[in-house]
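Undergrad: just coords:
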């Protein structure tokens, strides 16, 4: 599994230039946008979107040409009249230097109720560093904005997009279906707070592939109500790994099921693959999960189920009622930065069922001095093939 190569914007421009000559294109510059990195082009972007979205021509296309375009809060609203609307981003879209312009809202760029959309990109820069500094100093700061939000969208392709320095989550997917995200590059420093690469919630049929994600939080996080997800060929790190949860925030909660994480690499991450739930009463669940063909390169906690997740130490002293079942860890190899190469910390009142460990070979990076360990509580575990470190899970 080779590291994913960043998408080349110059090659992208060359390949697409001929195609644009044969379709109906709505260039933001024709609607008044100026790519000088200083002029607010928000209204021009909206005008170009309205023209493309309301066009009855198939494959109507909004174009952001080379240049640096300043944009504040913006919502691209559908549904569109054009079938298979496209957005080509050849330049860079930046947020204002003052984080307060977008930080007081929950989003920077939103696509709302847009179906049959294809986005081909280069770079989005949310300039989140000043907000991170404000938060790290303990000052009174805005909550922060997600860079891109997809809300109630379906049949969406996002390809070749680079997102850097988001104030919070880079890409948020909520109540969406049938989306494909590929060849993404997502970057934020390891100490940047809450900068998840991609967060998915209440969504079905989402595929993320062939992407590099390095952030200050989860590379990919999966919230309640998410089903039929595939993450393949992900290079994760730095960051907190790929996480299902946190689950169990509320007593009545939709579950997570049919999630596959395959053919991926985790480098110096805080976790590898993780399922986490709060120690609370909840009818949530996580089932039919597959973690397969993964390489850990000095990742802390390479494999972990944590049903006693309480990051701020203020949780009630209860066992989690979230049911975790039918989870397979298969062909996971490499090195652990922590002595415990895997931890299965399940609930005593709702034990984990159908946990399968197959062909696992994980070693503590300093194993010649301290032996590699594992931890297992309240879990029904089946061992297949060679499994190291071994734990009988009594």
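TA: That came in fine, so what should we check first? A quick note: this is a predicted structure, and the numbers were derived from the prediction, not measured.
Undergrad: Show me where the chain dips below the pLDDT cut-off.
TA: Filtered on pLDDT under 70, the chain yields the residue ranges 1-23, 317, 394.
Undergrad: which residues in it form helices?
TA: Applying DSSP state H to the chain gives helices spanning 9-20, 42-53, 100-103, 129-136.
Undergrad: Return the distance of the third one from the chain's centre.
TA: Relative to the centre of its chain, helix 100-103 is centred 22 Å away, using C-alpha atoms, centre = their mean, to the nearest Å.
Undergrad: show me where the stretch 151-300 of the chain has strands.
TA: For the stretch 151-300 of the chain, the strands defined by DSSP state E, counting those that start in this stretch cover 154-159, 162-164, 171-174, 177-182, 185-187, 198-201, 204-214, 220-222, 227-236, 242-247, 256-267, 273-277, 285-299.
Undergrad: With distance to residue 43 and mean neighbour count added, can I get those strands in CSV?
TA: The C-beta positions use only the backbone N, C-alpha and C, and glycine is treated the same way. Output for the strands of the stretch 151-300 of the chain, formatted as CSV (distance: least, C-beta to C-beta, whole Å; neighbours: other C-beta atoms under 10 Å):
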stretch, distance to residue 43, mean neighbour count
strand 154-159, 24, 19
strand 162-164, 23, 21
strand 171-174, 24, 24
strand 177-182, 28, 19
strand 185-187, 28, 23
strand 198-201, 29, 24
strand 204-214, 32, 21
strand 220-222, 33, 27
strand 227-236, 36, 22
strand 242-247, 38, 26
strand 256-267, 40, 22
strand 273-277, 42, 27
strand 285-299, 44, 21
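Undergrad: Please dump the ones you listed into CSV; it should also carry distance to residue 87 for every row.
TA: Putting those into CSV (distance: least, C-beta to C-beta, whole Å) gives the following:
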stretch, distance to residue 87
strand 154-159, 9
strand 162-164, 14
strand 171-174, 15
strand 177-182, 14
strand 185-187, 18
strand 198-201, 18
strand 204-214, 19
strand 220-222, 23
strand 227-236, 24
strand 242-247, 27
strand 256-267, 28
strand 273-277, 32
strand 285-299, 33
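Undergrad: list the contacts for residue 62?
TA: 25, 26, 28, 48, 49, 51, 52, 85, 86, 87, 88 (C-beta atoms under 8 Å, 6 or more residues apart in numbering).
Undergrad: how many other residues sit next to the fifth one?
TA: Yep, that's residue 49 we're talking about. Close neighbours of residue 49, defined as other C-beta atoms under 10 Å, add up to 24.
Undergrad: Disregarding residues adjacent in the polypeptide, which is nearest to it?
TA: Setting aside the residues directly before and after it, residue 49 is nearest to residue 76 in space (C-beta to C-beta, 6 or more residues apart in numbering), at 5.0 Å.
Undergrad: Likewise for residue 376?
TA: residue 393 (3.8 Å).
Undergrad: surely that neighbour meets residue 382?
TA: No: contact status for residue 393 versus residue 382: not in contact, 9.8 Å apart, counting by C-beta atoms under 8 Å.
Undergrad: Any idea which residue is closest to the centre of this structure?
TA: Nearest residue to the geometric centre of the chain (C-alpha atoms, centre = their mean): residue 198, 1.7 Å.
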